[in-house]
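Q: Model the structure of this input:
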Amino acid sequence: MLVLAAGAMAHADGNAAYIDQAGDGNTATQTQVGLDNSAYVEQVGDANSATQVQNGTSNQATIGQSGNSNTGLQAQSGLSNNAAIGQSGSAATASQLQSGNLNAAYVTQVGWQAASDQVQIGNGNTADAVQNGTLDLLQQTQMGDGNTAFGAQTGDSSTLQQTQLGSDNQSKASQLGSNDFMSLEQIGDNNAVSGSQIGSGLSYSITQTGGGAPITIVQTAPH
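A: Okay, the predicted model is just below:
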């Protein structure tokens, strides 16, 4: 087991851990149990926090944060999972939980007080979250195998939820505006949904079950 909470690189049992910090009051903690895991943290600014926990083999975790008071958390259990967080702004939070094998999770956040939460339980899932704005919330939950979720937010104070309970589901969502709400839930296997919101103050929820026909929804604000 390797636990590292300093500004350096360390190796043990084929594990690699690296921390690079510039600024004041930054903290980084890395815990590795297993073989051939890699953990990287780079923080520029003040009062940023990064935590990485790896338990398994050949997992990779990366956190890059610039700005102030950002928080990144990654927990991996299994084989060959990949998690990456990139945050630029202030008071943003991102968390990634992976349990299984061959999962991939990516978060890119630009703005102030943005929040992303990704949970993957199963194998071969992919989740991608992109945010550019203030006070946005993006949640992606995958429980099963072979699911794919992509979510993008541009604007302020919007919420996007993507839930996949099953296998081989596809979910794609985008929000362009402020104060929007979207929930896309998939239950079962082989579902496909695409949702977009263009404008502000929009809201809808979709639940898709079984392996039915693909669903595409475009919601726009009235002129």
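
Q: which residues does Thr141 bridge with?
A: Taking DSSP bridges as the rule, Thr141 bridges to Val119, Thr163.

Q: shouldn't it be in contact with Leu160?
A: No - here Thr141 does not reach Leu160: they are 12.0 Å apart, not a contact under C-beta atoms under 8 Å. Where you see a C-beta, it was placed from the backbone N, CA and C, and this is true even at glycine.

Q: if you count what's nearby, which of those two comes out ahead?
A: Leu160 (25 against 19; other C-beta atoms under 10 Å).

Q: Low-confidence bits of this structure, can you list those?
A: When residues are selected by pLDDT under 70, those of the chain lie in 1-13, 223.

Q: In terms of residue numbering, what are the domains of it?
A: 1-89, 103-223 (automatic domain parsing).

Q: I'd like those domains laid out as CSV, including distance to Ser95.
A: Putting these into CSV (distance: least, C-beta to C-beta, whole Å) gives the following:
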stretch, distance to Ser95
domain 1-89, 4
domain 103-223, 5
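
Q: got the contact list for Leu176?
A: Thr154, Gly155, Ser196, Gln197, Ile198, Gly199 (C-beta atoms under 8 Å, 6 or more residues apart in numbering).

Q: Can you select the buried ones from the residues you listed in ChimeraX?
A: Those of the contacts of Leu176 that count as buried under 16 or more other C-beta atoms under 10 Å are selected in ChimeraX with:
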select :154,155,196,197,199
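
Q: Can you flag which of the contacts of Leu176 belong to strands?
A: Residues of these located in strands (DSSP state E): Thr154, Gly155, Ser196, Gln197, Ile198.

Q: These: which two are farthest apart?
A: Gly155 and Ser196 (12.6 Å; C-beta to C-beta).

Q: which residues are in contact with both of the two?
A: Gln175, Leu176.

Q: Who does the nearest residue to Ser196 once chain neighbours are set aside form a beta bridge with?
A: Spatially, and ignoring its direct neighbours in sequence, Ser196 is nearest to Ser174 (4.7 Å; C-beta to C-beta, 6 or more residues apart in numbering). Judged by DSSP bridges, the bridge partners of Ser174 are Ala152, Ser196.
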